[in-house]
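Q: Predicted model and sequence follow; I will ask about them next.
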Amino acid sequence: VFVKMGSVKVLGIPQVGVRLLHRGGGDALVVVDFTATWCGPCKRIAPIFAALAEQYKHVVFAKVDVDDNQETAAACGIKAMPTFQLYKGKALIHTMQGADEAGLRAKVEEHAGEKWDRMQGNTLSSASAAQDPRAAALAAAEARMKAAQQGGS
């Protein structure tokens, strides 16, 4: 089974566990949403989780249905839904219970690295520069370098 980056992978095979995610993610950040179809807060946070997967294409996002994957959920110590676990370098670095949009966004941003898509090699756009002061600074530096190169040729 392959874990695709840049989208949410739904894991539906019992006992897949986080080992699969480690193979798919390597040293990339892996964000796992332990969810259930009957869980109201899970349903509310699902579109946010999907949007984060689109925004952070270099991060592996996966959902594990706790009813379909009871052994995996138990092995990961899941006691409430939704629970989000973040892994990096094959180690659990953060666990968050509840549908806290701001908390989830903050933790993904903290551990994901830069916002642009390193997997595709894209550079910053003016839209991303307006949202992130680091992006704005980098965009300004790129513009100065380009202007200096054009002036010196």
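A: That came in fine, so what should we check first?
Q: burial of residue 113, as a residue count?
A: Residues lying near residue 113 (other CB atoms under 10 Å) number 14. Any C-beta I mention is one placed from the backbone N, CA and C, and that applies to glycine too.
Q: okay but it is in contact with residue 57, surely?
A: No. Assessed by CB atoms under 8 Å, residue 113 is found out of contact with residue 57, at 11.6 Å.
Q: Go through stretch 56-69 and flag the buried ones.
A: By 16 or more other CB atoms under 10 Å, the buried positions in stretch 56-69 come out as 56, 57, 58, 59, 60, 61, 62, 63, 64, 65, 66, 69.
Q: And the first one, how far from residue 73?
A: For residue 56, the distance to residue 73 equals 24 Å [CB to CB, to the nearest Å].
Q: Any regions of this protein where pLDDT drops low?
A: Low-confidence segments of the chain (pLDDT under 70): 1-26, 114-143, 145, 149, 151-153.
Q: And the strands in it?
A: Under the criterion DSSP state E, the chain contains strands at 8-11, 30-35, 60-65, 83-88, 91-97.
Q: would you list those strands in JSON lines and tack on distance to residue 148?
A: Shown next, in JSON lines, are these (distance: least, CB to CB, whole Å):
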{"stretch": "strand 8-11", "distance to residue 148": "42"}
{"stretch": "strand 30-35", "distance to residue 148": "39"}
{"stretch": "strand 60-65", "distance to residue 148": "38"}
{"stretch": "strand 83-88", "distance to residue 148": "37"}
{"stretch": "strand 91-97", "distance to residue 148": "40"}
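Q: That concludes my questions; thank you for your assistance.
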